[in-house]
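Enquirer: I would like to see how this sequence folds:
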Amino acid sequence: TYTAYDGKTARLFIATSTDLVKWTKHGSVFKNAEGGKYINYWSKSGSVVAKKEGDKLVATKINGKYQMYWGESNIYMATSDNLIDWTPVPETDPAKYQYDSLRKYPAFKIVFGPRKGKFDSELVEPGPPALLTDAGILFLYNSKNSPSFGDKALADGTYAAGQILLDKNDPFKVVDRSENYFFKPEKDYEITGQVNNVCFIEGLVPFKNKWFLYYGTADSKIAVAVAEKK
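Expert: Sure thing, here's the model as predicted:
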């Protein structure tokens, strides 16, 4: 998935490739959902649930459907039969209808949202593909620190990354969530740029017994961090 922006609205789009060189664009992931009613909604960032197979991450079904976490401010869910056409999961309980603090979404079912007083106080946003493991779905996410009610140890507006574990049979059920960030701006090129104090994680690759985490720095450069596999 990727985000397409026309200067007014960000939309979640999708493209496919068999060789990572030539790509076919398929347009909005929601273009066929409910007659296209969601195609003009702000819908950036998608994280498709995948399973590690050797040195590959392969999209995998849960309960007969592919699952994708998406959204900005809150995290929502969408499902698919073919990885191209996605349908957002609605909130069926009117008492739980909520509207995103940044964008006026309709009643999508919320997986999780920001937390006051913490690094993820202003918004949460998907990162790399979520990993289906024996323990559950490990989901690495991006977040923004609120100047008004965030983590006072972080600079206002800092983008840092957190981790959350969701039930492998129920992708909406939170099993555990990190109390603190595991990744934050520290280097000069992460602190200063087009937008200061940003580490925005986007790609995760297993390779030669290591994990390679690709991320954006200060909205200006692309960098990589490496960790040993455990």
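Enquirer: Grab the nearest non-local neighbour of Arg177.
Expert: Nearest non-adjacent residue to Arg177, counting by C-beta to C-beta, 6 or more residues apart in numbering: Ile164, 4.5 Å away. (Each C-beta comes from the backbone N, C-alpha and C, glycine too.)
Enquirer: which residues of this structure fall in helices?
Expert: Listed in chain order, the helices of the chain (DSSP state H) span 188-191.
Enquirer: what's the residue closest to the geometric middle of it?
Expert: Residue closest to the mean C-alpha point of the chain, counted by C-alpha atoms, centre = their mean, is Pro126 at 0.9 Å.
Enquirer: residue contacts, Phe212?
Expert: 203-206, 224-226 (C-beta atoms under 8 Å, 6 or more residues apart in numbering).
Enquirer: buried subset of the residues you listed?
Expert: Buried by 16 or more other C-beta atoms under 10 Å: 204-206, out of the contacts of Phe212.
Enquirer: Check those residues against Lys52 and report the nearest one.
Expert: The closest of the buried ones among the contacts of Phe212 to Lys52 turns out to be Pro206 (C-beta to C-beta; 5.9 Å).
Enquirer: check contacts around the closest one.
Expert: The contact partners of Pro206, taken as C-beta under 8 Å, 6+ apart, are 52, 55-57, 212, 229.
Enquirer: Go again with 6 Å.
Expert: Contacts were defined as C-beta atoms under 6 Å, 6 or more residues apart in numbering; by that measure Pro206 touches 52, 55.
Enquirer: Okay, it and Asp134: tell me how far apart.
Expert: As judged by C-beta to C-beta, to the nearest Å, Pro206 and Asp134 stand 16 Å apart.
Enquirer: Repeat that for Asn169.
Expert: In terms of C-beta to C-beta, Asn169 sits 12 Å off from Asp134.
Enquirer: Show me which of the two is the more surrounded one.
Expert: More crowded of Asn169 and Asp134, by other C-beta atoms under 10 Å: Asn169, with 10 against 5.
Enquirer: so where's this structure shaky on pLDDT?
Expert: The chain contains residues with pLDDT under 70 at 94-106, 230.
Enquirer: Tell me what the closest residue to the residue nearest to the centre of the chain other than its chain neighbours is bridged to.
Expert: Computed as C-beta to C-beta, 6+ apart, the closest residue to Pro126 that is not its neighbour in sequence is Ser47, at 3.7 Å. Ser47 has these beta-bridge partners by DSSP bridges: Tyr69.
Enquirer: number of nearby residues for Ser47?
Expert: 25.
Enquirer: likewise Ala227?
Expert: Ala227 has 10 neighbouring residues, counting by other C-beta under 10 Å.
Enquirer: any idea how far it is from Ser28?
Expert: In terms of C-beta to C-beta, Ala227 sits 34 Å off from Ser28.
Enquirer: cool, and Val49?
Expert: Following C-beta to C-beta, the distance that separates Val49 from Ser28 is 20 Å.
Enquirer: Have a look at these two and say which one is more surrounded.
Expert: Val49 (25 against 20).
Enquirer: ok, now which ones touch that one?
Expert: Per C-beta under 6 Å, 6+ apart, neighbours of Val49: 67, 130, 132.
Enquirer: Mind putting the contacts of Phe212 into TSV with distance to Tyr159?
Expert: Conversion of the contacts of Phe212 to TSV gives the following (distance: C-beta to C-beta, whole Å):
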residue	distance to Tyr159
Gly203	16
Leu204	17
Val205	21
Pro206	24
Val224	17
Ala225	15
Val226	20
